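Asker: Sharing a model prediction with you, sequence too.
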Amino acid sequence: MSLANIFSISGSAMSAQSIRLNTTASNMANAQSISSSVDETYRARKPVFALQQPSEHQLKAQELGLLPGQGVKVLGIVESTAPLQPEYLPSHPLADENGYIYYPNVNVVEEMADMISASRAFQINADVMDSAKKMMQRVLTLGQ
């Protein structure tokens, strides 16, 4: 694996973590939104990651016995199937005919843990890219 692959691998990881941060922020922003029906209630969203398939260049390197770098891609964003949180509050203006309002299935503590994890993963990949850049710069100065 060359140093150039490090940039594409870390870049794909940073992109994936950025999407993870955005979905977490969306979940936290909607954590206390209420609705009068189960169908209209916000549901927590999570990104689904997968191993990025090797490029044609990486497959040629694999034929030579070199292990290619892969990376990560986002397959999509799925909604949580956890149950919603109904609350009996008949005096609320958004209460349904049975007197219930519905809160999203967002666990704020879990979302905070996801946000910390995603931001740290993003920072680690930025540090990896910075280290690779410094190594490439040092290689260029070896001939001087």
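Answerer: Yep, that arrived. Since the model is a prediction, treat every value here as computed from it, not as a measurement. Numbers count the residues shown, from 1 in each chain.

Asker: Nearest residue to the middle of the protein?
Answerer: Arg20 (2.0 Å; C-alpha atoms, centre = their mean).

Asker: Can you report how many residues neighbour the nearest residue to it once chain neighbours are set aside?
Answerer: Distance criterion C-beta to C-beta, 6 or more residues apart in numbering; nearest residue to Arg20, sequence neighbours excluded, is Ala118 at 4.3 Å. From N, CA and C alone the C-beta is placed, and that goes for glycine too. Close neighbours of Ala118, defined as other C-beta atoms under 10 Å, add up to 21.

Asker: Would you state the strands of this protein in chain order?
Answerer: 45-51, 72-79, 85-88, 100-103 (DSSP state E).

Asker: Looking at those, spot the one closest to Thr141.
Answerer: Nearest of the strands of the chain to Thr141, taken as C-beta to C-beta: strand 72-79 at 32.4 Å.

Asker: So which bits of the closest one are buried?
Answerer: For strand 72-79, the neighbour count (16 or more other C-beta atoms under 10 Å) marks 72, 74 as buried.

Asker: helices or strands up against that strand?
Answerer: When contacts are defined as 3 or more C-beta pairs under 8 Å, 6 or more residues apart in numbering; DSSP states H and E, strand 72-79 sits against helix 3-29, strand 45-51.

Asker: Look up how far Ala82 lies from the residue lying closest to Ala25 once chain neighbours are set aside.
Answerer: Excluding the flanking residues, the one nearest Ala25 by C-beta to C-beta, 6+ apart is Met115, at 7.4 Å. According to C-beta to C-beta, to the nearest Å, Met115 and Ala82 sit 18 Å apart.

Asker: Could you pull up phi and psi at Pro93?
Answerer: phi -60, psi -20 (degrees, to the nearest 10).

Asker: Tell me which other helices or strands the lengthiest helix in the chain touches.
Answerer: The longest helix of the chain (DSSP state H) is helix 108-141. Contacts defined by 3+ C-beta pairs under 8 Å, 6+ apart place helix 108-141 against helix 3-29.

Asker: ok so, going back, so which of Met115 and Ala82 has more stuff around it?
Answerer: Neighbours of Met115 and Ala82, each counted by other C-beta under 10 Å, are more numerous for Met115; the result is 16 against 12.
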